[in-house]
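Colleague: got a predicted structure plus its sequence, pasted below:
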Amino acid sequence: MTDFSTEQSLWAITPLDGRYRAKLKGLDSLVSEGALICFRTLVELKWLLHLADDPIIGETLVLDHKVRAILLGMTQTLETGVDTAMAKRVKEIEAVTNHDVKAIEYLLRERLAEAGASDTVLAFIHFACTSEDINNLSYALMLKNLRNDRILKEMDTIINDLKAKAKDTAKLSMLSRTHGQTASPTTLGKEFAVFGYRLNRQREQLAALQIEAKINGAVGNFNAHYAAYPEVDWEMLTKSFIEDKLGLKQNAYTTQIENHDTLVEYSQILKRFNTILIDMSRDIWGYVSLGYFKQELKEGEVGSSTMPHKVNPIDFENAEGNLGLANALATHFSDKLMISRWQRDLSDSTVLRALGTMVGHSELAWKSLQRGMGKIAVNPSRLAEDLDNAYEVLAEPVQTVMRRYGIVDAYERLKAATRGKAVTREAVHQMIDDCAEIPQKQKKSLKEMTPASYIGVADKLALGFARSK
């Protein structure tokens, strides 16, 4: 697509087309107005070819070699990229028709008439279609290509990075915090694994989602189709078009509009993925604040306009903000797009145009997060310092062992000895020694335990995720 100049960027209405345009290179070829025009044209071209290949309809709709070659050439161009000149011509026609889909029909008439197509062929352009037939298929192709060409790749980059980090820090002990207070230790790798596992579940759901579409006429009953060709099995003809030619899933039960249910499911998967990333961004931000991570210094970068010492976790903050914007749109899609008055109203049309905005803010956030994750370095000494000052967490294993040996008030004893108090290694050992019911061998094992070693199977869990497919 055309690159914006610096001046154009300055006056862009949305930050995605202004400040952040360079960070979303190539996205415009999938979600812009020009991209939508190209998807619509591709659907119209393939539909005409599909009709011509039907043995019954093909008796009337006969494409000579030249016309078929032009149709196939245009199709190939649009399957491999965008056609800017064609999109511009469609906009010129739309300026007269004031109808975006009709403008594409006229563009194709224009191109095919120049190639010598008969009136019969020209009459079959947009045959038995409503605008929604073309639009829903176009948006479905847009979502499919977005998923396959960009979104899954971005998701995999994030998940694979978490796998690598889970492996590298699987055994690196870290103090947990529940309710903001010190809690049983974990490992940094296991915490990376938790986020990676959650994200991968959403990634797999998106990859498996069958995106539905329809091409069944004005109210979903093939009324006009059977009026023109009652001998054609239109349900099977359109099913083969949607599934075999476009790689989508036919929705057989619609009104004039495709119900948008799978489109909403798609956006909700993205929302869940994004919400998990908000959770992760906030946690990493907090760990940076605690000093568990150091941040890579970038030459010339300013952290504060007045405090020269600052190195701010801006990538995680930028990610959080953009994830929130994307999720706000995803929420509106679920609130709006599954609702249509009777068999059709047009209130979904303007909303659908924001699909690219949702994906744009998501992708911007994912890239910010990747950049932030690439700039942090673990600070093992800070992790060890917090663990060494948190011997109170060993009250949990001590009281659990006490319970094993029948000490009924184990919890109450440890609560009285530790709650709200500074607990040292020596104090923990004294509590252990004071429990006559615990065998000496068990006491020795407890006294050898430290906050850093009290991690359960956290390291095993981290490595299990890191090795997962």
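Modeller: Yep, it's here. Residues are numbered from 1 along each chain as shown.
Colleague: so where's the chain uncertain?
Modeller: Low-confidence segments of the chain (pLDDT under 70): 1-4, 297-311.
Colleague: centroid-nearest residue for it?
Modeller: L270 (3.7 Å; CA atoms, centre = their mean).
Colleague: just the element for that one, please.
Modeller: helix 261-290 (DSSP states H and E).
Colleague: partners of the helix or strand following that helix, with directions?
Modeller: Next helix or strand after helix 261-290 toward the C-terminus (DSSP H and E): strand 293-295. If you go by DSSP bridges, strand 293-295 pairs up with strand 376-378 (antiparallel).
Colleague: quick check: M174 touching G189?
Modeller: No - M174 is beyond contact range of G189, at 9.0 Å (criterion: CB atoms under 8 Å). Backbone N, C-alpha and C define where each C-beta goes, glycine included.
Colleague: ranges for the strands of the stretch 101-250 of the chain?
Modeller: 173-178, 181-187, 212-213, 249-250 (DSSP state E, counting those that start in this stretch).
Colleague: which helix or strand contains the nearest residue to G116 once chain neighbours are set aside?
Modeller: Spatial nearest neighbour of G116, chain neighbours left out: K66 (6.5 Å); criterion: CB to CB, 6 or more residues apart in numbering. K66 is located in helix 65-80, with elements delineated by DSSP H and E.
Colleague: check which helices and strands that helix sits against.
Modeller: Judged by 3 or more CB pairs under 8 Å, 6 or more residues apart in numbering; DSSP states H and E, the packing partners of helix 65-80 are helix 33-53, helix 100-114.
Colleague: change it to 10 Å
Modeller: Counting contacts by 3 or more CB pairs under 10 Å, 6 or more residues apart in numbering; DSSP states H and E, helix 65-80 is packed against helix 33-53, helix 84-97, helix 100-114, helix 119-123.
Colleague: now the angle between helix 84-97 and it, please.
Modeller: 100 degrees (axes from the mean of the first three to the mean of the last three CA atoms, to 10 degrees).
Colleague: residue contacts, L446?
Modeller: 394, 397-398, 401-402, 428-429, 431-433, 435, 438, 454 (CB atoms under 10 Å, 6 or more residues apart in numbering).
Colleague: among the residues you listed, the buried ones, what's the PyMOL command?
Modeller: Remark: buried members of those, expressed as a PyMOL selection using 16 or more other CB atoms under 10 Å:
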select buried, resi 394+397+398+401+402+428+429+431+432+435+438+454
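Colleague: can you list the contacts of L446 in CSV and add secondary structure and distance to A252?
Modeller: Below are the contacts of L446 laid out as CSV (DSSP: H, G, I helix; E, B strand; the rest coil; distance: CB to CB, whole Å):
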residue, secondary structure, distance to A252
L394, helix, 62
P397, helix, 59
V398, helix, 64
V401, helix, 63
M402, helix, 64
V428, helix, 67
H429, helix, 72
M431, helix, 69
I432, helix, 69
D433, helix, 75
C435, coil, 70
I438, coil, 69
Y454, coil, 58
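Colleague: what number of residues lie near N322?
Modeller: 25 (other CB atoms under 10 Å).
Colleague: verify the contact between it and W366 for me.
Modeller: Yes - using CB atoms under 10 Å, N322 is in contact with W366, at 8.8 Å.
Colleague: anything in contact with each of the two?
Modeller: In contact with both N322 and W366: 274, 277, using CB under 10 Å, 6+ apart.
Colleague: ok, back up a step: my read: the residue nearest to the centre of the chain touches V359, true?
Modeller: Yes - counting by CB under 10 Å, V359 is a contact partner of L270 at 7.6 Å.
Colleague: contacts for the helix holding K66?
Modeller: 37-46, 48-49, 52, 62-63, 83, 86, 108, 111-112, 114-118, 121-122, 145.
Colleague: what subset of those residues is buried?
Modeller: 37-46, 48-49, 52, 63, 83, 86, 108, 111-112, 117, 121, 145.
Colleague: please name the nearest non-neighbouring residue to A193.
Modeller: Per CB to CB, 6+ apart, closest to A193 is F465, 3.7 Å.
Colleague: again but with L152, I slipped
Modeller: Per CB to CB, 6+ apart, closest to L152 is A207, 6.1 Å.
Colleague: what's the burial count for D149?
Modeller: Neighbours of D149 using other CB under 10 Å come to 12.
Colleague: list the residues that contact it.
Modeller: So D149 contacts 26, 29-30 (CB under 10 Å, 6+ apart).
Colleague: OK, contacts around the closest residue in space to S138 that isn't next to it in sequence?
Modeller: Computed as CB to CB, 6+ apart, the closest residue to S138 that is not its neighbour in sequence is F39, at 3.8 Å. By CB under 10 Å, 6+ apart, the contact set of F39 is 30-31, 78, 82, 134-135, 137-142, 145.
Colleague: ok, F39 to L30 distance?
Modeller: Relative to L30, F39 is positioned 9 Å away (CB to CB, to the nearest Å).
Colleague: what touches both of those two?
Modeller: The contact lists of F39 and L30 share 82, 141-142, 145, where a contact means CB under 10 Å, 6+ apart.
Colleague: got TSV for the residues you listed, with distance to L248 too?
Modeller: Formatted as TSV, those follow (distance: CB to CB, whole Å):
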residue	distance to L248
V82	20
L141	7
M142	11
N145	11
